[in-house]
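[1] for reference, the sequence and a predicted model appear below.
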Amino acid sequence: MVTLPPELSRLYTTHLAHHGVAVAQQPHYSKWLRYYWDFCQKYARAPTARQSLPALREKLRSKQQSEAQCQQAEAAVSLYYEMVEAAPARGGGSAGDRGELGGGV
C-alpha cells in the first residue's frame, strides 16, 4: 500500500479531528485513504476526482468487504475530498500545496 505524503497525513488527521471522528477511528480512516490512493495509482485515477469513489466501492465489494467497511471507506474518502476542495481557501494555498494533497497525481 502507498505511503501518503507526510503533510497530507498531518492535514487529514487534523481534518478528521475537526469533523468529530473519534481518535480510535482515525487510524481506520487513514488506512482507507491510503487504500484509496493505492487504488487510484493502480488504476490510473485522480485521487481528487469524485468519480473514482464508486469504482472504489465496487472494488471493496468484489473483495468481500462488509457494508460497514464500505461505508467507512466512503466516509473517509469523502472527508478527503472535502479537505482538498477547501485547500485553496486555507491562506491562499498554492497549486503545489494542492498537488501534495493529490491534485497533481
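    It's in.
[2] use CA for all of it now, contacts and neighbours both
    Noted.
[3] tell me the SS of Glu85?
    Counting by DSSP: H, G, I helix; E, B strand; the rest coil, the backbone at Glu85 sits in helix.
[4] from Leu11, how far out is it?
    13 Å (Cα to Cα, to the nearest Å).
[5] could you list the buried residues of stretch 14-30?
    His15, Leu16, Gln26, Tyr29, Ser30 (16 or more other Cα atoms under 10 Å).
[6] I figured the first one hits Tyr81, correct?
    No. The criterion here is Cα atoms under 8 Å, and His15 misses it with Tyr81 at 10.9 Å.
[7] how many neighbours does Val63 have?
    Careful, residue 63 is Lys; it's not Val. Neighbours of Lys63 under the rule other Cα atoms under 10 Å: 9.
[8] could you do Arg10 as well?
    Count around Arg10 with other Cα under 10 Å applied: 11.
[9] mind checking which helix or strand it is in?
    helix 6-18 (DSSP states H and E).
[10] cool, Leu33 as well?
    Here Leu33 is assigned to helix 26-42, by DSSP H and E.
[11] roughly how far is that helix from the heart of the chain?
    Here helix 26-42 shows a centroid-to-chain-centroid distance of 6 Å under the convention Cα atoms, centre = their mean, to the nearest Å.
[12] good, we can wrap up now.
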